[in-house]
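> With the sequence up front, the predicted model follows.
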Amino acid sequence: MTFYGLRLGYALEGSSNFIVWRDIIEVVLEDNCLKEFIDQEILESIASDVKNLAEWKKCVAKARRIILKGVQDHIVLSLHGKENPYAMWKTLTDLYQNNSDKRKLALKEKLQKNRNGERRDDSKILDQVYSVS
């Protein structure tokens, strides 16, 4: 089943498939001329007249729908109350994108596990860690 060119098999499950999901959703939004709605917060006040306001609301609703259709049900709860696509995107990015602190902690844990009593050259251990990652 497809929705705006998005195969539902690529629904966001969590941090395990966030990068692939993000790239796919960005392309779908770009194909629908809506990517700017996740890149920055586009305020309602930009739409100066009734026609522009109606178009703005239509674009916001469409972008929100694409994002919501692209996530699994348990993730939709995290997006509840987010009024615009930018807020939704920021929430998902904050929740699921691995930041450098998490990566540093994971690497530190791998180093400690590799040292389990053995004293080896740290560069060899780092090479093993990077080959696993």
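Yes, it's here.

> residue ranges with poor pLDDT in the protein?
Residues of the chain that meet the criterion pLDDT under 70 lie in 1-9, 45-48, 99-103, 116-126, 128-133.

> residue closest to the middle of it?
Among the residues of the chain, the one closest to the centroid is T93, at 4.2 Å (CA atoms, centre = their mean).

> ok, that one - contacts?
T93 sits next to R22 when contact means CB atoms under 8 Å, 6 or more residues apart in numbering. C-beta coordinates here come from the backbone N, C-alpha and C atoms, glycine included.

> measure it to D39 for me?
Going from T93 to D39 by CB to CB, to the nearest Å gives 12 Å.

> returning to what we had before: which secondary structure element is home to the residue nearest to the centre of the chain?
helix 85-96 (DSSP states H and E).

> Show me how far that helix is from its chain's centre.
Relative to its chain's centre, helix 85-96 lies at 6 Å (CA atoms, centre = their mean, to the nearest Å).

> Going by neighbour count, which residues in the helix or strand immediately after it in the chain are buried?
The helix or strand immediately downstream of helix 85-96 is helix 100-114, counting by DSSP H and E. By neighbour count on 16 or more other CB atoms under 10 Å, the buried set for helix 100-114 is 110, 114.

> got the CA coordinates for helix 100-114 in PDB?
The C-alpha trace of helix 100-114 is given here as PDB (Å, rounded to 0.1, in the frame of the first residue of the first chain):
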ATOM      1  CA  SER A 100      27.300  12.100  19.400                       C
ATOM      2  CA  ASP A 101      27.000  11.700  23.200                       C
ATOM      3  CA  LYS A 102      25.100   8.400  22.800                       C
ATOM      4  CA  ARG A 103      27.700   7.200  20.300                       C
ATOM      5  CA  LYS A 104      30.600   8.200  22.700                       C
ATOM      6  CA  LEU A 105      28.900   6.300  25.500                       C
ATOM      7  CA  ALA A 106      28.400   3.200  23.300                       C
ATOM      8  CA  LEU A 107      32.000   3.300  22.200                       C
ATOM      9  CA  LYS A 108      33.200   3.700  25.800                       C
ATOM     10  CA  GLU A 109      31.100   0.600  26.800                       C
ATOM     11  CA  LYS A 110      32.600  -1.400  23.900                       C
ATOM     12  CA  LEU A 111      36.100  -0.400  25.000                       C
ATOM     13  CA  GLN A 112      35.400  -1.500  28.600                       C
ATOM     14  CA  LYS A 113      34.000  -4.800  27.400                       C
ATOM     15  CA  ASN A 114      37.100  -5.500  25.200                       C
END
